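K.L.:
predicted model and sequence below, questions to follow.
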Amino acid sequence: MSIKKAVLPVAGLGTRFLPASKSIPKEMVTVVDRPVIDYVVQEAIAAGIEQIILVTHSSKRAIEDYFDSHYELEDTLQKKNKLELLQVIQNIIPKHIDVVAVRQPQPLGLGHAVLCAKSVIGNEPFAVLLPDVLVKNAGIATGAPHDLQQMISYYNQTRHAQIMVEQVAPELVSQYGVVDIGGQTLDAGQSLQLNGIVEKPKINEAPSRLAVVGRYVLPSRILSLLEQTSPGAGGEIQLTDAIAALMHEEFVDAYRMSGKTYDCGSKMGYLEAILSYGIDHPELGKDFFNLIQQSLK
Ligand code: G1P
């Protein structure tokens with residue numbers, strides 16, 4: 001069974017991005033001309049996902065509106081003969097993609113957020129994409145598979161859950177889920193079996209510097225395990241703890257990403273994303289690059 005569903009937990013209030021996130025969902029902040037969430041949804045669609053499940057909150061309706069059609073706007077663009085723009089907004093979500101929203105009534109953690117999507121996920125394996133994190137793969141334009149595609153392909157070959165990791169600086173490990181691969185070497189684009197996973201370890205207790213960075217491919221069994229998971233780090237129901245429980249039943253693999261991440265939930269990560277996506281933008285990139293050069297003089 002291939003992976004057709006993706007869960008995007010977007011209920012978080014984005015305290016790292018205040019004051020902007022007071023009235024704009026942090027996922028709706030724009031990188032060049034599209035909200036952050038758009039890039040994450042396009043990444044999922046490029047990996048073959050057909051149903052996007054937003055786990056959301058009442059203060060974040062703008063996200064659902066973005067993926068809905070906007071009749072008045074479309075009608076106006078049509079009448080004014082602005083057909084290119086009309087196409088742009090009509091193509092935000094291709095016709096075969098279904099966007100569904102469920103609510104997370106209380107902020108009880110990432111594991112709890114995923115569990116809120118249980119009835120929509122059903123008995124299928126699924127992907128989880130954390131919407132703060134943009135993943136940029138260099139070879140996309142040339143048709144090379146991007147990281148999520150690669151993870152899904154490994155899942156299809158092995159039926160092992162795939163957890164995307166990247167090496168982080170030692171002082172940052174305590175902010176992440178961290179994997180134990182028993183001292184083996186894990187090259188970019190490769191996947192290997194985990195020995196353990198722990199949420200936000202202290203630096204001297206971390207099993208490695210390979211941090212979980214926001215992309216998962218999981219079997220539906222994780223949902224029953226989440227139901228039995230007690231609050232862990234930070235008093236929250238942690239997806240990491242349910243993954244650790246899954247490892248007692250079946251193989252779980254760490255996949256080392258080959259692209260680069262941008263943490264748009266943090267201000268510096270967001271600025272870095274603007275630079276990178278701005279410079280690579282097909283229409284604006286060249287001028288933007290010149291602008292940066294001039295402003296540095
Ligand atoms: C969550 C996960 C953590 C992961 C991180 C990636 O933590 O619980 O395992 O490493 O996302 O961004 P959060 O950042 O929500 O505290």
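P.N.:
Received, thanks. Computed from a prediction, not measured in an experiment: that's the story for all the values here.
K.L.:
list the buried residues of stretch 259-270.
P.N.:
Residues 259, 261-265, 269-270 are the ones in stretch 259-270 that count as buried (16 or more other C-beta atoms under 10 Å). In short, each C-beta sits where N, CA and C put it, glycine included.
K.L.:
and the ligand, is it touching that?
P.N.:
No - Stretch 259-270 is not in contact with the ligand by C-beta under 6 Å from any ligand atom; minimum separation 7.0 Å.
K.L.:
please compute how far that stretch lies from its chain's middle.
P.N.:
Centre-to-centre, stretch 259-270 and its host chain are 12 Å apart (C-alpha atoms, centre = their mean, to the nearest Å).
K.L.:
what lies in contact with it?
P.N.:
For stretch 259-270, the surrounding residues in contact (C-beta atoms under 8 Å, 6 or more residues apart in numbering) are 12, 14, 16-17, 26, 29, 31, 36, 132-138, 146-147, 166, 213-214, 272-273, 276.
K.L.:
neighbours around residue 276, how many?
P.N.:
By other C-beta atoms under 10 Å, the residues close to residue 276 number 16.
K.L.:
my guess is it meets residue 136, correct?
P.N.:
Yes - counting by C-beta atoms under 8 Å, residue 276 does reach residue 136; the two are 6.6 Å apart.
K.L.:
circling back: just the buried residues of stretch 259-270: which are in helices?
P.N.:
Among the buried residues of stretch 259-270, DSSP state H puts 269-270 in helices.
K.L.:
out of the buried residues of stretch 259-270, flag the one nearest to residue 253.
P.N.:
Checking those against residue 253 with C-beta to C-beta, the nearest one is residue 259 at 17.7 Å.
K.L.:
which one is the closest one nearest to, not counting chain neighbours?
P.N.:
Spatially, and ignoring its direct neighbours in sequence, residue 259 is nearest to residue 137 (3.8 Å; C-beta to C-beta, 6 or more residues apart in numbering).
K.L.:
count of neighbours near that neighbour?
P.N.:
For residue 137, the neighbour count with other C-beta under 10 Å is 19.
K.L.:
show me what contacts it?
P.N.:
Shown in contact with residue 137 (C-beta under 8 Å, 6+ apart): 144, 146-147, 258-259.
K.L.:
show me the shaky parts of the stretch 101-250 of the chain.
P.N.:
Flagging of the stretch 101-250 of the chain using pLDDT under 70 yields the residue ranges 139-143.
K.L.:
which residues of it fall in strands?
P.N.:
Taking DSSP state E, counting those that start in this stretch, the strands of the stretch 101-250 of the chain run over residues 126-129, 133-136, 161-167, 177-180, 191-193, 196-199, 210-218.
K.L.:
buried residues in the fifth one?
P.N.:
In this case it means strand 191-193. Neighbour-count burial for strand 191-193 [16+ other C-beta under 10 Å]: 191-192.
K.L.:
over to the third one?
P.N.:
Of the residues in strand 161-167, those buried by neighbour count under the rule 16+ other C-beta under 10 Å are 161-166.
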